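A.B. asks: got a sequence here, can you build the structure:
(one chain, ligands or ions: 1)
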Amino acid sequence: MARRPLPRILSTGSAQFARSRDLARTQFARGRELARTASDSASDVLHPLITITRGLRRLAAAGRRKWAEAPKEKRGPLLFMAASVILVVALVPYGPLLAVITLMAAAAWQGRDRGPAEPDGPDESQTERLRSLYEALVPYFSAAEDPAPLYTHGGEWEKALPEYEFDATGRIGRLLVRYPAYFTDGEAQARARIEHLLTTKSGRGREYRCDWDEEGNELTVTALAPLPTDIAAQRFVTAPGETVLGFTDPTGVQRTLPLTHGARQRDVPPVVWRTGIRSTEPHLLVMGQPGSGTSTLLRSVALQALQHGDVVIVEGGSTGEYACLTGRDGVLAVECGLAGAVASVEWAATETERRLIAVNRARQAGNPPPEDTRRPLWVLLDRPTVFSHLAAADGRRDPQALLQVPLRHGRAANVTVVVAEQWDAMEALSDAVRQHTRARVVLGPATADQLRSALGAPPDTTVVTGAPAGRGYARLGTGPVHRLQVPATPDPYDDATSDAHRQAVLELLPERTTPLEAAPPARLEKAPQGEPEPVPADAVVAETS
Ligand SMILES: Nc1ncnc2c1ncn2[C@@H]1O[C@H](COP(=O)(O)OP(=O)(O)OP(=O)(O)O)[C@@H](O)[C@H]1O
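C.D. replies: From the prediction side, this is the model:
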């Protein structure tokens with residue numbers, strides 16, 4: 001169909017309108033510029049007047065204060081003395097003129113700006129610190145053949161360290177380091193040496209971010225504020241399908257979450273993990289050494305998952321850290337024994353297949369996915385490799401092998417797998433677990449190699465020793481590595497848990513709907529019994545990661 005031209009009046013009218021709008025915008029900008037210039041000039045001209053007025057106000061206030069403080073019996077003589085002075089001034093030749101000049105001078109003196117003078121440059125101890133840092137860098141940033149070295153012993157540190165900030169404790173907060181172009185800043189080892197030297201000299205016990213600008217031959221070292229460790233478990237303001245793994249630096253993410261902290265509210269930047277059909281990292285692997293907080297993170301994830309979904313928990317550590325969840329609404333099983341663990345994971349695999357088949361049939365019939373495939377199902381496994389060893393010894397099926405189906409097809413079936421494991425058992429994790437858990441968290445102390453192997457990339461911050469429990473790093477797929485602090489979500493049945501934290505967790509637990517005596521696997525009934533039907537080919541294609 002041919003397009004009809006716009007009516008002439010409309011096309012010309014809109015062009016005129018656009019022109020006049022541009023003109024108005026230009027005039028407005030020019031007007032604003034003029035106003036700014038005028039106000040700058042006016043404040044320059046009026047500055048003495050403003051100072052004198054301020055001084056007169058201060059003098060008047062001081063006079064009023066003196067008058068108010070003076071005892072009543074002294075006020076009469078004071079008034080008499082003031083009147084005599086005025087009379088003498090009035091009678092003396094040029095007296096009034098001299099009095100006005102004196103008053104103005106006093107007002108100008110009183111009205112001057114009294115802000116603390118900014119110190120110009122570093123003080124003595126700061127200079128000493130910067131000079132010693134410079135001296136320490138000389139062997140790394142100098143070469144015998146350099147005709148005009150930037151770094152020489154006793155050289156000009158001001159040129160090499162042009163920008164610096166000190167914090168309230170007198171330690172370096174931020175430092176810009178210039179280095180010669182021949183320094184091998186592309187080599188990880190050379191960089192690591194400089195980073196180690198700078199961070200130890202700037203103060204141990206803090207974390208630093210090192211930004212290398214290879215083009216400009218500059219390195220910026222920034223001391224990072226510690227992440228908040230006092231955030232307790234609570235209902236986070238998130239959308240369905242979003243799970244808060246913990247909290248990070250404001251520079252790392254573009255979002256903040258309003259949190260209740262005691263009686264106060266504060267906004268903190270979170271690391272949010274998205275699960276479900278559109279997720280590119282549908283499953284999570286958490287690594288750490290014993291006591292680093294991996295079970296705490298799984299408990300935090302379970303409490304968030306229970307808001308919209310069902311949860312199956314398999315605990316290899318057999319420490320009973322998830323007992324508080326047993327029998328709660330939405331908790332389908334909490335298993336600590338091998339038989340129960342195998343039964344639960346087997347059920348999860350069958351349920352995944354059932355969902356896939358149902359979704360596929362509905363799609364082929366042109367219908368939306370059935371209601372009973374939409375509720376998210378979470379399979380949380382704390383130290384599953386323990387069961388792998390037991391299963392091998394007992395001649396049973398390895399729960400990790402059964403996990404393959406939920407891991408491979410879980411995204412399309414709304415099934416999410418979370419695995420927590422300790423470093424010494426990393427090799428015992430199955431290939432499927434390693435391949436399909438593209439969201440990663442590392443908690444507690446870890447070597448550079450461990451961090452690289454778990455996260456796929458090193459963090460761009462220095463690693464600090466003695467970090468608090470629940471501190472670590474998170475990486476979602478191929479995204480950046482974030483520093484992470486997991487919210488305190490302790491076991492409420494642990495005697496060592498503080499009352500405030502225990503109460504916070506208890507408030508998040510769903511109602512207990514199943515008596516504790518009921519055998520948990522009896523709740524796993526949704527999946528049909530017997531051999532599952534084969535998974536249709538196009539349901540498998542739905543998995544892209
Ligand atoms: N994010 C956190 N905030 C505050 N305390 C934490 C945090 N994470 C863990 N903790 C504390 O650290 C201790 C160990 O935590 P957790 O049991 O979760 O570690 P784990 O890695 O599972 O170790 P294990 O497997 O040996 O139990 C607990 O006392 C717990 O309260």
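A.B. asks: so which helix or strand takes in the nearest residue to Ala349 once chain neighbours are set aside?
C.D. replies: Excluding the flanking residues, the one nearest Ala349 by CB to CB, 6 or more residues apart in numbering is Val405, at 4.2 Å. C-betas here are computed from N, CA, C, even on glycine. Taking DSSP states H and E as the criterion, Val405 maps to helix 404-409.
A.B. asks: repeat for Thr102
C.D. replies: Going by DSSP H and E, Thr102 is in helix 95-111.
A.B. asks: buried residues of that helix, list them for me.
C.D. replies: Across helix 95-111, burial judged by 16 or more other CB atoms under 10 Å covers Ala107, Gln110, Gly111.
A.B. asks: point me to the residue of the chain nearest the ligand.
C.D. replies: Closest approach of the chain to the ligand (CB to the nearest ligand atom) occurs at Gly470, with a separation of 2.2 Å.
A.B. asks: list the contacts of that residue.
C.D. replies: Listed by CB atoms under 8 Å, 6 or more residues apart in numbering, the contact set of Gly470 reads Thr229, Gly246, Ser292, Gly293, Thr296, Leu297, Leu443, Gln485, Val486, Pro487, Ala488.
A.B. asks: look up how far Gly76 lies from it.
C.D. replies: Using CB to CB, to the nearest Å, Gly470 is found at 74 Å from Gly76.
A.B. asks: residues of this protein that sit close to the ligand?
C.D. replies: Proximity of the chain to the ligand, by CB under 6 Å from any ligand atom, involves residues 288, 290-296, 317, 319, 321, 469-470, 486, 488, 490, 496.
A.B. asks: out of the residues you listed, which sit inside helices?
C.D. replies: Of the positions in the residues of the chain next to the ligand, Thr294, Ser295, Thr296 sit in helices, assigned by DSSP state H.
A.B. asks: out of the residues you listed, which is most surrounded?
C.D. replies: Counting neighbours by other CB atoms under 10 Å, the top entry in these is Thr294, with 27 neighbours.
A.B. asks: tell me the contacts of it?
C.D. replies: Contacts of Thr294 by CB under 8 Å, 6+ apart are Val286, Met287, Gly288, Asp382, Ala420, Glu421, Gln422, Leu443.
A.B. asks: the helix or strand where Asn360 lies packs against which elements?
C.D. replies: Assigned by DSSP H and E, Asn360 belongs to helix 338-364. Where contact means 3 or more CB pairs under 8 Å, 6 or more residues apart in numbering; DSSP states H and E, helix 338-364 is packed against strand 310-315, strand 331-335, strand 377-382, helix 385-394, helix 399-402, helix 404-409, strand 415-422, helix 537-541.
A.B. asks: so which elements touch the helix holding Val405?
C.D. replies: With contacts defined as 3+ CB pairs under 8 Å, 6+ apart, the packing partners of helix 404-409 are helix 338-364, strand 415-422, helix 431-436, helix 537-541.
A.B. asks: in a helix, that's where Pro147 is, yeah?
C.D. replies: No - Pro147 is assigned coil when assessed by DSSP: H, G, I helix; E, B strand; the rest coil, not a helix.
A.B. asks: may I have the phi/psi pair for it?
C.D. replies: Backbone torsions of Pro147, given as degrees, to the nearest 10, read phi -70, psi -30.
A.B. asks: ok, it to Pro510 distance?
C.D. replies: The value you get for Pro147 to Pro510, if CB to CB is used, is 74 Å.
A.B. asks: what do you get for Thr251?
C.D. replies: Separation of Thr251 from Pro510 (CB to CB): 36 Å.
A.B. asks: so between the two, which is more surrounded?
C.D. replies: A direct count of neighbours by other CB under 10 Å for Thr251 and Pro510 places Pro510 higher, at 15 against 10.
A.B. asks: thought the more buried one was touching Arg328?
C.D. replies: Yes - using CB atoms under 8 Å, Pro510 makes contact with Arg328 at a distance of 4.6 Å.
A.B. asks: now do the shared contacts for these two.
C.D. replies: Joint contacts of Pro510 and Arg328 (CB under 8 Å, 6+ apart) are Leu306.
A.B. asks: about what we covered before: per-residue confidence averaged over the helix holding Thr102?
C.D. replies: Averaged over helix 95-111, pLDDT sits at 85.
A.B. asks: heading C-terminal from that helix, find the next helix or strand.
C.D. replies: Later in the chain than helix 95-111, the nearest helix or strand by DSSP H and E is helix 124-137.
A.B. asks: next one: that following helix to chain centre, how far?
C.D. replies: Remark: helix 124-137 is offset 32 Å from the chain centroid, using CA atoms, centre = their mean, to the nearest Å.
A.B. asks: repeat for stretch 477-490
C.D. replies: 8 Å.
A.B. asks: ends of it, how far apart?
C.D. replies: 28 Å (CA to CA, to the nearest Å).
A.B. asks: now swap in stretch 289-309 and tell me
C.D. replies: Taking CA to CA, stretch 289-309 runs 29 Å from one end to the other.
A.B. asks: mean confidence score for that stretch?
C.D. replies: 96.
A.B. asks: for it, list every residue counted as buried.
C.D. replies: For stretch 289-309, by 16+ other CB under 10 Å, it's 292-306, 309.
A.B. asks: now it, how far from the chain's geometric center?
C.D. replies: Centroid separation for stretch 289-309 versus its chain: 19 Å, with CA atoms, centre = their mean.
A.B. asks: swap in stretch 239-251?
C.D. replies: On CA atoms, centre = their mean, the centre of stretch 239-251 falls 8 Å from that of its chain.
A.B. asks: could you do stretch 49-61 as well?
C.D. replies: The answer for stretch 49-61 is 48 Å, by CA atoms, centre = their mean.
A.B. asks: hmm, who's touching that stretch?
C.D. replies: Under CB under 8 Å, 6+ apart, the answer for stretch 49-61 is Ser43, Leu103, Met104, Ala106, Ala107, Ala108, Trp109, Gln110, Gly111, Arg112.
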